[in-house]
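> My questions are about this predicted structure, shown below with the sequence.
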Amino acid sequence: MVTVKKYGLKIYNWKTDKIPDAAVFVGRPTTYANPWSHVKGLGLHKAKNAADAVMQYRKYTEHNTGVGEMARRYLKGKNLVCDCVDSNCHAIVVMELANEPAPPTHPMVQEYVKKRKD
């Protein structure tokens, strides 16, 4: 189990942890599953290692905004469950997506937000 202090939430390992009823599984074959894997025979895409798989998933979610929108809608404030829980687990990215504000999507909005920050 990993505690993500920023959100006060936990990510459980379905193989080793006692899972609370309200926790949501985000591994394969769910919508939130990471299509990259360093384990032979898993995932749609090959990653160099676990950290690379998480990095590729993060990039994927930046371009596939539907994952973040669904996470914010259905997973905000929820504990998550995966089978690879450690510092290199895509569930951390899913938790960030679920609990952070949605990024601006239109280029003009992005430019406006950037200027406001500067």
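Looks like it came in fine. Residues are numbered from 1 along each chain as shown.

> In this structure, where is pLDDT below threshold?
44, 85-86, 103-113, 117-118 (pLDDT under 70).

> which residues in the chain form helices?
50-63, 65-74, 90-99, 107-117 (DSSP state H).

> strand partners of the longest strand seen in the chain, parallel vs antiparallel please.
Among the segments of the chain that qualify as a strand by DSSP state E, the longest is strand 9-13. With DSSP bridges as the test, strand 9-13 is paired with strand 2-4 (antiparallel), strand 80-82 (parallel).

> of all these, which lies closest to Asp21?
strand 80-82 (11.1 Å; C-beta to C-beta). C-betas here are computed from N, CA, C, even on glycine.

> Give me the contact list for that closest one.
9-14, 17, 19, 23-27, 89-91, 94-95 (C-beta atoms under 8 Å, 6 or more residues apart in numbering).

> Pull out the buried members of these.
9-13, 23-27, 89-91, 94-95 (16 or more other C-beta atoms under 10 Å).

> show me what contacts the closest residue to Lys78 other than its chain neighbours?
Residue nearest to Lys78 in three dimensions, not counting chain neighbours: Val24, with 5.2 Å by C-beta to C-beta, 6 or more residues apart in numbering. Contact analysis of Val24 by C-beta under 8 Å, 6+ apart lists Tyr74, Leu75, Lys78, Asn79, Leu80, Val81.

> close enough to count as contact, the third one and Ala22?
Going back to what we said before, that points to Lys78. Yes. Using C-beta atoms under 8 Å, Lys78 is in contact with Ala22, at 6.5 Å.

> These two: who's more crowded?
Counted by other C-beta atoms under 10 Å, Lys78 and Ala22 do not tie: Lys78 has more neighbours, with 20 against 8.

> dump the residue contacts of the more buried one.
Contacts of Lys78 (C-beta under 8 Å, 6+ apart): Leu9, Ala22, Ala23, Val24, Ala98.

> Just grab the bridge partners of the fourth one for me.
So the one you mean is Val24. Leu80.
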